[in-house]
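Chemist: next comes the sequence, and after it the predicted model I'd like to discuss.
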Amino acid sequence: MPMRHVLSMFLVFGLTACNAGQQAAPDAGQSAEAAASSESRPARSPEETRPPEADYEPAFQGQTRAPKPAATEAWTTETVAQGLEHPWAIDFLPDGAMLVTERPGRLRVVSADGDISDPVSGVPAVDARRQGGLLDIALAPDFESSRTLYLSFSEPHEDGTNNTAVARARLSEDATALEEVEIIFSQYPSVESVGHYGSRIVFQDADTIWVTMGDRQGHPVRQNAQDPTNLIGTVARIHTDGSIPDDNPFIDHQENAPEMWSWGHRNIQAADVHPETGELWTVEHGPRGGDELNLTEAGKNYGWPAISYGIEYRGGEVYEGKTEQDGMEQPVYYWDPVIAPSGMSFYTGEVFPEWRGDLFVGGLRSALVSRLVLADGRVVAEEWLEVGHRVRDVVQGPDGYIYLVTDESDGRVMRIVPEG
C-alpha cells in the first residue's frame, strides 16, 4: 500500500464542497513531451490577478504567476470526517484507515468510513502555544511489519524555550497506544518563541529522513537562518535512529551543523520527494508575498532573510530588500500575494490521469490547493482548486484520491474525487 513520503510509491469559507474544475481534453495523440512544451507558451492567463504585495521583478520568466494549464480534470470534494481540533497531518495505515495529528497534542485513528477514535496514548508532551503542538506524522516504509512511525512536534523545556523535535515510536497492534517512544532529533538552539517550527518528515529511503524546520519567527532570531552552525531555518538529514549520515554535506566541517542538509529557509511546512528523480522539493511560507517552492539540494543556501520576494508584515523591505545575492539559491517559483502554503504531494495515482506527475500544494489563507505543472525543473502552469477551507496537509491516498486536512477548530478530513 502507498505510504506517505516514501519514494517507491508515491474562498469561500464554510462550504462542504467546491465547484468542479473545468475539463479540457488534450489533443488526441499528443505526447507528454508535446504537452509539456505547450505548457510553456504564455498564451493563457494566470490564476492570480490581484496586485502583488511587493514591487519586485522575478529573476526569470515563469518564476511567478504561471499560466493556467491547458487541460485538467473534473473534480469535487467529499468530507470524510469532521470534528478534529486543528488537524495538522495525515498518513495512511495499511488497512486504509488514517492516522491524523491534532495540533493540541493528540493522535487519532480515522477509519475509512470517517469514524474518529479516542486519542492514542503515549504521544510526547508538546508546547501547544500559538503555532506549536503535534505536527507531522510519517509511517516507516516497513510499517506493516515494524509498526514504526515518526512524529514531529514542538518540544517544551523547563526554562520556557522550545524547539522542533522528532520522535520515533511503535504503534500498538490495536492502534490505541504508542510504545517505545524515543526522541531521536532536536533542533538547536532551543529558543523562546511560539512560531515557525516547520515541519515535515520526508523519507529519502528506508533508513534516512529529511526534517524541515522554521526560522522560529521574527527579528533577531530569524537571522540564525543565515548561520550554518545551528539548525534554525534549515532542513536536516538524519538516519531513522537519529544518527548522522556520513555523506551529509557538512559532516566533516569543523563548525557547520553536521545534521544540516540546506539552510536559509523561513518556515517549511510542505515537502515531498519527486517520484522519478528522488529530489527533495519544499515549499515555505514567505512574509507578505514571497511564498517559495524550492528544489532543495545538499549544502545550498536558500537566502532567507538576506533575500526574499516578500516584504515585512508591517510593510517595508526585509532588511536590505534584496531578491538575489551570490551564493544564494533562487526559488523555482513564488507566490505574491501569498497562499500561505502547508502540505504538498506529487500525484502518481490513476484516478486523475491528467494530473499525474503534478505537484499539489495546500493553502491556508487562500483556502485552496494549488496544482503546479512542472517541466525541466520549472513551473509551467498553475491551477487553483478552491476547496473553501484552510488546507494544512495534502496527501495522495492508496485509493488514488487526494486527501486534505483542514486547519480549523472543527477540522475535517476531506478528499478530492472525480466529479460525477
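Modeler: Perfect, thanks for sending it.
Chemist: got the contact list for the residue lying closest to Pro249 once chain neighbours are set aside?
Modeler: Leaving out its chain neighbours, the residue that sits closest to Pro249 by C-beta to C-beta, 6 or more residues apart in numbering is Gly299, at 3.4 Å. No exception for glycine: its C-beta is placed from N, CA and C like everyone else's. Counting by C-beta atoms under 8 Å, 6 or more residues apart in numbering, Gly299 touches Pro249, Phe250, Trp261, Ser262.
Chemist: wasn't Gly299 part of a strand?
Modeler: No - using DSSP: H, G, I helix; E, B strand; the rest coil, the assignment for Gly299 is coil, not a strand.
Chemist: straight-line length of stretch 227-241, end to end?
Modeler: Using C-alpha to C-alpha, to the nearest Å, one end of stretch 227-241 lies 26 Å from the other.
Chemist: looking at it now, give me its mean pLDDT.
Modeler: The average pLDDT within stretch 227-241 is 98.
Chemist: what of stretch 342-355?
Modeler: Here the average pLDDT along stretch 342-355 is 98.
Chemist: can I get that stretch as PDB, trimmed to CA atoms?
Modeler: Output of stretch 342-355 as PDB, limited to C-alpha atoms (Å, rounded to 0.1, in the frame of the first residue of the first chain):
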ATOM      1  CA  SER A 342       1.200  23.900   4.000                       C
ATOM      2  CA  GLY A 343       1.300  20.300   2.900                       C
ATOM      3  CA  MET A 344       2.200  19.000  -0.600                       C
ATOM      4  CA  SER A 345       2.300  15.800  -2.600                       C
ATOM      5  CA  PHE A 346       3.300  14.700  -6.100                       C
ATOM      6  CA  TYR A 347       0.400  12.900  -7.700                       C
ATOM      7  CA  THR A 348       1.200   9.400  -9.000                       C
ATOM      8  CA  GLY A 349      -2.200   7.900  -9.000                       C
ATOM      9  CA  GLU A 350      -4.500   6.500 -11.700                       C
ATOM     10  CA  VAL A 351      -7.700   8.300 -10.800                       C
ATOM     11  CA  PHE A 352      -6.800  11.600 -12.300                       C
ATOM     12  CA  PRO A 353      -4.600  10.800 -15.400                       C
ATOM     13  CA  GLU A 354      -4.200  14.400 -16.500                       C
ATOM     14  CA  TRP A 355      -2.700  15.300 -13.100                       C
END
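Chemist: list the buried residues in stretch 55-67.
Modeler: Applying a neighbour-count criterion of 16 or more other C-beta atoms under 10 Å, one finds Tyr56, Pro58, Gly62, Gln63, Thr64, Arg65, Ala66, Pro67 buried in stretch 55-67.
Chemist: so how far is Gly242 from the residue nearest to Pro249?
Modeler: 21 Å (C-beta to C-beta, to the nearest Å).
Chemist: so for stretch 268-282, what's the average pLDDT?
Modeler: 98.
Chemist: how about stretch 401-412?
Modeler: On average, stretch 401-412 scores 98.
Chemist: so how far does it reach from one end to the other?
Modeler: This stretch, stretch 401-412, spans 16 Å end to end (C-alpha to C-alpha).
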